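*Asks:* Need a 3D model of the following:
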Amino acid sequence: MNNFVYETPTKVYFGKGEEEKVGKLVAEFQPKKVLLHYGGQSAEKSGLLDKVRNCLKAEGILFVELGGVQPNPELPLVRKGIELCIREGVDFVLAVGGGSVIDSAKDIANGVANPDVDVWDFSLKKCTPSKTLHKGCILTLAAAGSEMSNSCVITNPETGVKQGYGCSQNRMDFAIENPELSYTVNAYQTACGAVDIAMHTIERFFSLGEDTYLTDAVAEAVIKSAMKAGKECLENPADYTARANMMWASSLAHNGLTQCGRDSVLTVHQLEHVVSGMYPRVAHGAGLAALWCSWARYVYKANIQRWLQYASRIWNVDIDFEHPDRTIEKAILMQEEYYKSIGMPTSLRELDVKKEDLEELAIRCSQGKRRVLPGFKPLAYEDMLAIYNMAF
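*Replies:* Here you go, the predicted structure:
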């Protein structure tokens, strides 16, 4: 087991009605003024934003608002938020929404606290935020895990670059998770969420590391629970048990727990980020589903034993020790069929990605043929291009 640091400072308030505590929770930080940050119209139409406003007012908390966060949150809105916060004297950011809203809120908080640094430099990893504003969130979509993660992913629409960065400053002070708030999430986004949640841990399961049987057991439970709950949510969108398990899996899958003792590199996420960076309409979870099976078939021979464990414990496939490839291929096929069963794509073609763009995707993912993604099978430019072609 590799050395590791495990940090989960985010305090979670989980369950029915927990969003009604938001005013008192924010008040604990004694803010001068709060930025209420959100996405489109769903939180407004559901009445959630009015509830939040009333909770803040009841505690005498001043606030300003910034909505309009889109899937794959964009840099211009982050910059607008930073300017608004500095002008209004905001010292606390409250995100109401899913991972896109939360990531946008993180970047705004970091930008305001470090006004002498161009916030995009954090994404480019030119520097790390030295401080941040206090921040919290009310989660309405189980998917990205941003409510407990140390990561933040932002898209620069001018360059088409979608880039993430991780640091302790990205941790939320608190996260409110009421599964009922996700009842109205449509089927497509629910399915995308199920893919993304499981993938956060699947990729960690295949990261470099050995002798992590306790972490493996936790990871396997999270993966299976996320996929099970996702399907149950599609069958009955108002199934509280399913929504609750999916929401909690979202937090556990990306808060560092399922990587303890292993080197975490989310390779398929890196491959996907350039796809949704070039094609902003591509939902992140859908892009992951379109790529994963091709990636799996390309890399599995680099660690047959690890893949046999995955096949056996996740998909209950009996191991054929004489023909291990057959066992692994069966498991990959079963995951592929799972994606199809929940309405997810299994090829880039289904996402209207153009074949002539595959080389550009590989160039961007390899950062001009300079970056190699580590793993049991490291991926250079040629490997990335091969995977994109397989996935087309």
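*Asks:* List the buried residues for the helix or strand containing Ala226?
*Replies:* Secondary-structure element containing Ala226, defined by DSSP states H and E: helix 213-235. Neighbour-count burial for helix 213-235, counted by 16 or more other C-beta atoms under 10 Å, picks out 215-216, 218-220, 222-234. Heads up, the C-betas are built off the backbone N, CA and C, glycines and all.
*Asks:* So Ser104 lies in a helix, does it not?
*Replies:* Yes. The assignment for Ser104 (DSSP: H, G, I helix; E, B strand; the rest coil) places it in a helix.
*Asks:* Just the pLDDT for it.
*Replies:* pLDDT for Ser104: 98.
*Asks:* again, but for Thr159
*Replies:* pLDDT for Thr159: 92.
*Asks:* what's the answer for Glu7, then?
*Replies:* 89.
*Asks:* sec struct for it, please.
*Replies:* Applying three-state DSSP: Glu7 is coil.
*Asks:* how about Pro374, what does it touch?
*Replies:* Pro374 sits next to Leu208, Asp263, Val265 when contact means C-beta atoms under 8 Å, 6 or more residues apart in numbering.
*Asks:* how near is it to Glu210?
*Replies:* Distance, Pro374 to Glu210, by C-beta to C-beta, to the nearest Å: 15 Å.
*Asks:* just to revisit the earlier point, quick check: angle from the helix or strand following the helix holding Ala226 to helix 213-235?
*Replies:* On the C-terminal side of helix 213-235, the closest following helix or strand by DSSP H and E is helix 240-253. Here helix 240-253 runs at an angle of 140 degrees relative to helix 213-235 (axes from the mean of the first three to the mean of the last three C-alpha atoms, to 10 degrees).
*Asks:* could I have helix 240-253 exported to PDB, CA atoms only?
*Replies:* Output of helix 240-253 as PDB, limited to C-alpha atoms (Å, rounded to 0.1, in the frame of the first residue of the first chain):
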ATOM      1  CA  TYR A 240     -35.900   8.000  -2.000                       C
ATOM      2  CA  THR A 241     -33.800   5.000  -1.100                       C
ATOM      3  CA  ALA A 242     -32.300   4.900  -4.600                       C
ATOM      4  CA  ARG A 243     -31.700   8.700  -4.700                       C
ATOM      5  CA  ALA A 244     -30.200   8.600  -1.300                       C
ATOM      6  CA  ASN A 245     -27.700   5.800  -2.100                       C
ATOM      7  CA  MET A 246     -26.800   7.500  -5.400                       C
ATOM      8  CA  MET A 247     -26.200  10.800  -3.700                       C
ATOM      9  CA  TRP A 248     -24.100   9.400  -1.000                       C
ATOM     10  CA  ALA A 249     -22.100   7.300  -3.500                       C
ATOM     11  CA  SER A 250     -21.400  10.500  -5.400                       C
ATOM     12  CA  SER A 251     -19.700  12.000  -2.300                       C
ATOM     13  CA  LEU A 252     -17.800   8.900  -1.300                       C
ATOM     14  CA  ALA A 253     -16.600   8.100  -4.900                       C
END
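*Asks:* What average pLDDT does it get?
*Replies:* Helix 240-253 carries an average pLDDT of 98.
*Asks:* Point out the other helices and strands that that helix packs with.
*Replies:* strand 11-14, strand 174-177, helix 187-205, helix 213-235 (3 or more C-beta pairs under 8 Å, 6 or more residues apart in numbering; DSSP states H and E).
*Asks:* could I get those as CSV with mean pLDDT?
*Replies:* Output for the helices and strands packed on helix 240-253, formatted as CSV (pLDDT from 0 to 100):
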stretch, mean pLDDT
strand 11-14, 98
strand 174-177, 98
helix 187-205, 97
helix 213-235, 98
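*Asks:* out of those, nearest to Arg364?
*Replies:* When those are compared by C-beta to C-beta, helix 187-205 sits nearest Arg364, at 19.3 Å.
*Asks:* Distance from the chain centre to that closest one, please.
*Replies:* 8 Å (C-alpha atoms, centre = their mean, to the nearest Å).
*Asks:* And for stretch 378-392?
*Replies:* Here the centre of stretch 378-392 is set off from its chain's centre by 22 Å, with C-alpha atoms, centre = their mean.
*Asks:* Can we start the residue count at 56 from this point?
*Replies:* Will do, 56 is the new start, and the previous item becomes stretch 433-447.
*Asks:* buried stuff in that stretch?
*Replies:* Buried residues in stretch 433-447, counted by 16+ other C-beta under 10 Å: Leu434, Tyr436, Asp438, Met439, Leu440, Ile442, Tyr443, Ala446, Phe447.
*Asks:* Filter the contacts of Pro429 down to the buried ones.
*Replies:* Buried by 16+ other C-beta under 10 Å: Val320, out of the contacts of Pro429.
*Asks:* Return the closest of the contacts of Pro429 with respect to Gly72.
*Replies:* For those, the nearest to Gly72 is Val320 (38.9 Å; C-beta to C-beta).
*Asks:* does that closest one really touch Gly430, like I thought?
*Replies:* Yes. The pair Val320 / Gly430 is scored as a contact, 6.2 Å apart, by C-beta atoms under 8 Å.
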